[in-house]
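J.: show me the folded form of this:
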Amino acid sequence: MKKKPIRHRKSNASKKAGLPPGSITYIGKERSEAAILEMISYNPQELSKVKYDTCAELHKYMQPNSVNWINVDGIHNYQLINEFHDIFKLDNLLLEDVSNTNQRPKVEEYENYLFLSLKMLRYDEVEKTIDSEQISLVLSKDYVISFQEKTGDVFGHIRERIEAPKGQIRSKKNDYLFYSLIDSIVDNYFIAIENIGNDLEDLEDEIFNDPSQKSLQKIHAYKNVLLVLRRSIYPLRESVNKLLRDNDKFISPRNIKYFNDVHDHTIQIIDILESYRDVVSGLKDSYLSSLSLKMNQVMQVLTIMATIFIPLTFIAGIYGMNFETIPELKWEYGYYYFWAISIAIGIGLLFYFKKKKWL
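T.: This is a model prediction of the structure:
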């Protein structure tokens with residue numbers, strides 16, 4: 001079997017070494033696409049959706065009596081991220097976490113805003129891998145900011161609901177939009193886990209019917225996928241729980257029930273995740289058992305064949321000796337007698353093995 005080349009993972013985390021706290025340095029995959037800065041402002045009567053080149057221009061056109069959703073695609077543009085410190089007065093430590101895509105999901109409360117980082121996950125059904133993207137959300141009384149690594153997200157249905165003039169979201173405030181973004185990401189976890197569950201069922205059938213080395217590789221791949229999910233979801237449960245405990249300043253009491261629902265979903269996902277981890281562990285045991293059974297079946301066939309040929313080899317060995325006084329050597333039909341006895345012994349042993357259900 002051809003061995004896969006060893007790949008050395010590149011890490012740019014060393015960029016932060018020696019820098020003072022709050023230094024905004026992008027930590028993540030190298031990207032060259034242009035960053036996109038967009039703001040959706042809405043209230044029950046009005047809706048506007050505009051892209052801007054700078055934070056200063058965007059800040060100028062913020063609507064005071066509307067929900068202002070500012071979305072940033074491209075946190076690799078550190079100059080744009082720095083503008084949020086200058087224009088929106090976001091803390092440098094917060095923006096440092098925004099720029100670090102390896103950041104563990106967490107929630108932090110500042111004087112004028114609330115910060116939450118979490119992972120947006122997509123499951124690749126072809127490659128059997130998880131694509132993880134960091135999403136950072138900032139909730140203020142005046143706006144909601146979402147920082148993304150790249151263009152493309154799971155917020156399409158939220159944008160559609162905002163565009164509907166009579167939708168519930170149009171009559172709600174910033175905290176409800178903040179909840180909606182979190183809920184959309186968490187709901188997407190269910191889609192990923194459901195697809196993983198379907199693939200695990202297919203893998204279970206494959207292991208039962210025809211286990212192979214490729215089956216073992218799939219087991220290890222799913223183990224890594226579940227590990228990524230676990231690292232993303234467990235801290236999120238703690239973060240949402242903290243939001244429920246410390247919520248008076250930025251989250252309306254009327255909307256607490258929605259965050260409770262998100263917390264329940266994270267617990268449900270964790271329960272499913274733990275059951276899938278047990279399934280993967282069981283699949284490895286099933287693979288080894290199936291492989292052992294397959295080997296036993298092969299050994300059984302070889303043993304039966306050897307058992308049949310042992311007496312035949314014994315007879316052939318006796319009459320293959322170079323003694324002149326072996327009486328049967330002079331028989332006229334001795335050769336035919338040998339074959340008749342050999343065939344009778346072979347058929348008799350086959351019937352015996354069939355009776356014992358060894359075949």
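J.: can we go C-alpha only for contacts and neighbour counts from here?
T.: Fine.
J.: my guess is Glu30 is in a helix, correct?
T.: No - looking at Glu30 with DSSP: H, G, I helix; E, B strand; the rest coil, it is coil, so not inside a helix.
J.: phi, psi of it?
T.: Glu30 has phi and psi values of phi -70, psi 130 when expressed as degrees, to the nearest 10.
J.: contact partners for it?
T.: For Glu30, the contact set (CA atoms under 8 Å, 6 or more residues apart in numbering) comprises His76.
J.: ok, then the element right after the helix or strand where Gln217 lies?
T.: Here Gln217 sits within helix 213-245, counting by DSSP states H and E. On the C-terminal side of helix 213-245, the closest following helix or strand by DSSP H and E is helix 256-318.
J.: for Ser342, list the residues it contacts.
T.: Neighbour list for Ser342: Leu312 [criterion: CA under 8 Å, 6+ apart].
J.: how close does it get to Glu328?
T.: 15 Å (CA to CA, to the nearest Å).
J.: one step back: which other helices and strands contact the helix holding Gln217?
T.: strand 106-109, strand 114-124, strand 129-139, helix 174-209, helix 256-318 (3 or more CA pairs under 8 Å, 6 or more residues apart in numbering; DSSP states H and E).
J.: present these as JSON lines; the columns should include distance to Gln168 and mean neighbour count.
T.: Output for the helices and strands packed on helix 213-245, formatted as JSON lines (distance: least, CA to CA, whole Å; neighbours: other CA atoms under 10 Å):
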{"stretch": "strand 106-109", "distance to Gln168": "26", "mean neighbour count": "18"}
{"stretch": "strand 114-124", "distance to Gln168": "23", "mean neighbour count": "22"}
{"stretch": "strand 129-139", "distance to Gln168": "19", "mean neighbour count": "21"}
{"stretch": "helix 174-209", "distance to Gln168": "10", "mean neighbour count": "18"}
{"stretch": "helix 256-318", "distance to Gln168": "13", "mean neighbour count": "15"}
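J.: with mean pLDDT added, can I get those in TSV?
T.: Shown next, in TSV, are the helices and strands packed on helix 213-245 (pLDDT from 0 to 100):
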stretch	mean pLDDT
strand 106-109	91
strand 114-124	90
strand 129-139	90
helix 174-209	90
helix 256-318	86
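J.: and those as a markdown table, adding distance to Asn82?
T.: Output for the helices and strands packed on helix 213-245, formatted as a markdown table (distance: least, CA to CA, whole Å):
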| stretch | distance to Asn82 |
| --- | --- |
| strand 106-109 | 19 |
| strand 114-124 | 16 |
| strand 129-139 | 15 |
| helix 174-209 | 23 |
| helix 256-318 | 31 |
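J.: nearest approach to Lys150 belongs to which of those?
T.: Distance to Lys150, taken as CA to CA, is lowest for strand 129-139 among these, at 8.3 Å.
J.: what does that closest one rub up against?
T.: Residues contacting strand 129-139 (CA under 8 Å, 6+ apart): 98, 101-103, 113-124, 144-149, 174-175, 178, 221-222, 225, 228, 250.
J.: send me it as CSV with only the CA atoms.
T.: The C-alpha trace of strand 129-139 is given here as CSV (Å, rounded to 0.1, in the frame of the first residue of the first chain):
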residue,chain,number,x,y,z
THR,A,129,-14.1,16.5,6.9
ILE,A,130,-15.3,19.5,8.9
ASP,A,131,-14.7,23.0,7.6
SER,A,132,-14.5,25.2,10.7
GLU,A,133,-14.8,29.0,10.5
GLN,A,134,-14.6,31.4,13.4
ILE,A,135,-17.5,33.9,13.8
SER,A,136,-17.2,36.8,16.2
LEU,A,137,-20.3,38.7,17.3
VAL,A,138,-20.5,42.0,19.1
LEU,A,139,-23.8,43.2,20.6
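J.: check which element follows it along the chain.
T.: Using DSSP H and E, the helix or strand that follows strand 129-139 in sequence is strand 144-148.
J.: that next one pairs with which strands, and in what direction?
T.: Next to strand 144-148 in the sheet, as set by DSSP bridges, lie strand 67-73 (parallel), strand 129-139 (antiparallel).
J.: C-terminal to it, what's the next element?
T.: helix 156-163.
J.: contacts for that next one?
T.: By CA under 8 Å, 6+ apart, helix 156-163 touches 42, 47, 167, 169-170, 180-181.
J.: now the residues you listed in TSV, with distance to Asn65 and secondary structure?
T.: What follows is the contacts of helix 156-163, written out as TSV (distance: CA to CA, whole Å; DSSP: H, G, I helix; E, B strand; the rest coil):
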residue	distance to Asn65	secondary structure
Tyr42	9	strand
Leu47	12	strand
Gly167	18	coil
Ile169	15	helix
Arg170	12	helix
Ser180	20	helix
Leu181	21	helix
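J.: in ChimeraX, how would I select just the buried ones from those?
T.: Entered in ChimeraX, the line below selects the buried ones among those, by 16 or more other CA atoms under 10 Å:
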select :42,47,169,170,180,181
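J.: closest to His85 among the contacts of helix 156-163?
T.: Distance to His85, by CA to CA, is smallest for Leu181 among these, at 22.8 Å.
J.: burial of the spatially closest residue to that closest one that is not a sequence neighbour, as a residue count?
T.: Sequence neighbours aside, Phe155 is the residue nearest to Leu181 in space, at 6.9 Å (criterion: CA to CA, 6 or more residues apart in numbering). Neighbours of Phe155 under the rule other CA atoms under 10 Å: 14.
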